[in-house]
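> A predicted structure for the sequence below; I have some questions about it.
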Amino acid sequence: MSVEQARRVLTVEAEGIYAVRDALGEEFEHAVDLIVDCPSRLVITGIGKSGLVGQKISATLNSTGTSSFFLHPVEAMHGDLGMVSPTDVVLALSYSGETTELNGLMASLKERNVPIIAMTGGAHSTLARYAAVTLNVAVPQEACPLGLAPTTSTTATLAMGDALAVALLKRNQFRAEDFRRNHPGGSLGERLKVAVSEVMLQGNEIPQVRKGSTMEHIIAELNAKNIGAVLVVADSGQLSGIVTDGDIRRLLLTGTAIENCQVERVMTPQPVTITPELMAADALSLMQSKEITILAVVDGEDKLIGILHLHDLLGKGEFRFLI
């Protein structure tokens, strides 16, 4: 019974995020432009559950290159408003858009000509009327069966904050090295300081086949090494190509009989490579720019000496996301 309830909650919250995604439009671009063009800082504010979500959004933005801080609306109205300058941009969170304490702060900010971005489910609310840009986070229903506790709405607001952080990361060309500089004391920061040779798989751990190998051999190697790809090497040891599990799935969809199909039929030649002396941070940047999760490691003669998976950089079981 409890498992079924949990599944219902997760389904309702997923549907809420899809609804917010489908409603996304030009206003998101305007919000990104406003923040990128801001000469100082992004001030995030909200109260109650929205305030807690705002604090998390602020932390994510700071770690990914967008300077921000959280301002409690009640404290702001009792002196902390002096922390906000006319060159700042304010991101205000309230699902209803009718939170009295928050809208009192919005009136004061409006008088100071501070640009406001609203993140709200009330597209025609008081908060939305104060805002230069409104990001709509309206969801079909809360996961709470009473429809009272903020559940789906806070999840959707948090997801919108993540979307904003990633869009800003891309716009600002924020790199893995920058992330590492912002996390000098973290496990990920330490992991990215080492050379590729220290984190790559090598020897018998490398999933590899010779040119001319059959699909049966490739699939066996995929299953044995279980990292989603097999590297193809020539008899001389030089790297010739790569076969991913996605390549095999696409081949099967063509209806091709794979029994006697050789690796050259399905492999991608000249895969992206890296050399062992480069830093793990360089490998992560390369993966991000090429939108891949696996790198072949080669020496100066293009001979295969290792393979690097995204999990080897981030630490299996330790990290799932960069932000």
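Yep, it's here.

> what segments of the stretch 101-250 of the chain are strands?
Assigned by DSSP state E, counting those that start in this stretch, the stretch 101-250 of the chain shows strands spanning 116-120, 133-136, 208-210, 229-233, 239-244.

> which other residues reach the shortest one?
Contacts to strand 208-210, defined as CB atoms under 8 Å, 6 or more residues apart in numbering, come from residues H217, I218, E221, V230, L231, V232, V233, A234, D235, V243, V263, L304. Any C-beta I mention is one placed from the backbone N, CA and C, and that applies to glycine too.

> domains of this protein?
Domain ranges of the chain: 2-174, 187-314, per automatic domain parsing.

> now these as a markdown table including mean neighbour count and mean pLDDT?
Output for those, formatted as a markdown table (neighbours: other CB atoms under 10 Å; pLDDT from 0 to 100):
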| stretch | mean neighbour count | mean pLDDT |
| --- | --- | --- |
| domain 2-174 | 18 | 93 |
| domain 187-314 | 17 | 86 |
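
> got the phi and psi for S67?
Dihedral angles of S67 (phi, psi; degrees, to the nearest 10) stand at phi -70, psi 130.

> wait, what's in contact with the nearest residue to it once chain neighbours are set aside?
Excluding the flanking residues, the one nearest S67 by CB to CB, 6 or more residues apart in numbering is R41, at 4.8 Å. R41 is in contact with S67, S68, F69, D88, V89, counting by CB under 8 Å, 6+ apart.

> which two in the residues you listed are spaced the farthest apart?
Maximum pairwise distance among the contacts of R41 (CB to CB): 11.9 Å, between F69 and V89.

> the nearest residue to S197 once chain neighbours are set aside: what secondary structure?
Once flanking residues are discounted, S197 sits nearest to P276: 3.8 Å by CB to CB, 6+ apart. Using DSSP: H, G, I helix; E, B strand; the rest coil, the structure places P276 in coil.

> gap between P276 and M200?
To M200, P276 is 7 Å away according to CB to CB, to the nearest Å.

> list residues touching both of those two?
With CB under 8 Å, 6+ apart applied, the overlap between the contact sets of P276 and M200 consists of V297, I305, G306.

> so can I have JSON lines of these showing secondary structure and distance to T152?
Putting those into JSON lines (DSSP: H, G, I helix; E, B strand; the rest coil; distance: CB to CB, whole Å) gives the following:
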{"residue": "V297", "secondary structure": "strand", "distance to T152": "44"}
{"residue": "I305", "secondary structure": "strand", "distance to T152": "49"}
{"residue": "G306", "secondary structure": "strand", "distance to T152": "45"}
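
> of those, which is the nearest to G82?
Distance to G82, by CB to CB, is smallest for V297 among those, at 53.8 Å.

> ok, now which ones touch the residue nearest to that closest one when sequence neighbours are not counted?
Leaving aside its sequence neighbours, V297 sits nearest to G306 (CB to CB, 6+ apart; 3.6 Å). Counting by CB under 8 Å, 6+ apart, G306 makes contact with V196, S197, M200, L201, Q202, I206, P276, A296, V297.

> can you check F69 too?
Applying CB under 8 Å, 6+ apart to F69 gives the contacts R41, V43, I44, S58, M83.

> make sure the residue nearest to S197 is actually in contact with A195.
Yes. Counting by CB atoms under 8 Å, P276 does reach A195; the two are 6.6 Å apart.

> could you check how far stretch 257-273 is from the centre of its chain?
In terms of CA atoms, centre = their mean, to the nearest Å, the centre of stretch 257-273 is found 31 Å from the chain centre.

> can I assume T268 is in contact with D247?
Yes. T268 is in contact with D247 according to CB under 8 Å; the separation is 7.0 Å.

> which stretches in the stretch 151-300 of the chain count as helices?
Here the stretch 151-300 of the chain has its helices, by DSSP state H, counting those that start in this stretch, at 152-171, 176-182, 187-191, 196-199, 215-225, 245-253, 263-266, 280-290.

> nearest to G16, of those helices?
helix 152-171 (3.9 Å).

> on contacts alone, who are the packing partners of the closest one?
Packing partners of helix 152-171 (3 or more CB pairs under 8 Å, 6 or more residues apart in numbering; DSSP states H and E): helix 2-23, helix 26-36, helix 49-63, strand 116-120.

> quick revisit: CSV for the shared contacts of P276 and M200, including distance to C144?
CSV is the format used below for these (distance: CB to CB, whole Å):
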residue, distance to C144
V297, 50
I305, 55
G306, 50
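
> any idea which residue of the chain is furthest from its center?
Within the chain, the residue lying farthest from the chain centre (CA atoms, centre = their mean) is N260, at 40.6 Å.

> now that one: closest residue in space that isn't a chain neighbour?
Spatial nearest neighbour of N260, chain neighbours left out: T214 (6.7 Å); criterion: CB to CB, 6+ apart.

> same deal with G241?
M267 (3.5 Å).

> for the residue lying closest to V89 once chain neighbours are set aside, pull up the helix or strand it's in.
Using CB to CB, 6+ apart and skipping the chain neighbours, the partner closest in space to V89 is C38 (4.4 Å). Per DSSP states H and E: C38 is located in neither a helix nor a strand.
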